[in-house]
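> Build me a model from this:
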Amino acid sequence: MAATMNTVPDAPAKKNERFKALKQFDESKAGVKGLIDSGIDSIPSFFVHPPEFLEQLKPSAHVPPESMPEIPVIDLSGVDSPELRPVIVERIQHASATFGFFQIINHGVPVEVQDRTIAAVRAFHEQPAELKPEGD
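Presented below is the predicted three-dimensional model:
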């Protein structure tokens, strides 16, 4: 038990090592697919969080699932209306500030365009790292 307690002073060093490993991984542009293609046989340590951290992410046991907040859904069907546009903008601002993301419905983008976009994103991420353009 004492050995476990002695790991606390090393926490900043481990955090720095994790940051360096994550930065190196990010700069490699290989992504998770690149890791798999490289033949790794275990999860890199920078992807593994300590149990204490994971406990913080779990919803409280006393909060029933039905009371958990739902992902905001924003209807764009009236976005061209002078009366509705400010309401829609306010909903987007609120969802962005409160949740960080939201679902848009009635946006008018055809399903075929959505499917092609998803396919293009997938194709980009599945190509070898050496073919991907360098980022900033």
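
> which stretches of the protein have low pLDDT?
In the predicted model of the chain, residues 1-11, 58-63, 68, 134-136 satisfy pLDDT under 70.

> cutoff 90 now
Scanning the chain for pLDDT under 90 picks out the ranges 1-71, 99, 101, 124-136.

> for it, longest helix please?
When the chain is parsed with DSSP state H, its longest helix is helix 11-28.

> Need the residues that contact it.
The set of residues external to helix 11-28 that reach it, using CB atoms under 8 Å, 6 or more residues apart in numbering, is 34-35, 44-46, 129. The C-beta positions use only the backbone N, C-alpha and C, and glycine is treated the same way.

> in that helix, what's buried?
Neighbour counts over helix 11-28 (16 or more other CB atoms under 10 Å) mark 18, 25 as buried.

> so how far is that helix from its chain's centroid?
Offset of helix 11-28 from its chain centre (CA atoms, centre = their mean, to the nearest Å): 18 Å.

> Quick check: next helix or strand after that helix?
Later in the chain than helix 11-28, the nearest helix or strand by DSSP states H and E is helix 31-37.

> Number of residues surrounding residue 91?
Using other CB atoms under 10 Å, residue 91 has 16 other residues around it.

> actually residue 95, sorry about that
Residues lying near residue 95 (other CB under 10 Å) number 18.

> Need the three-state assignment for residue 41.
At residue 41 the chain is in coil, as set by DSSP: H, G, I helix; E, B strand; the rest coil.

> ok, how many other residues are close to it?
4.

> ok, now residue 117?
Neighbourhood size, residue 117 [other CB under 10 Å]: 11.

> Report the separation between it and residue 106.
Residue 117 is 18 Å from residue 106, where distance means CB to CB, to the nearest Å.

> Next: residue 122.
Residue 122 sits 25 Å away from residue 106, taking CB to CB as the criterion.

> One more: residue 65?
28 Å.

> again, but for residue 64
Distance, residue 64 to residue 106, by CB to CB: 31 Å.

> May I ask you to confirm that residue 123 belongs to a helix?
Yes - under three-state DSSP, residue 123 falls within a helix.

> Pop the domain breakdown of this structure in here.
1-62, 69-128 (automatic domain parsing).
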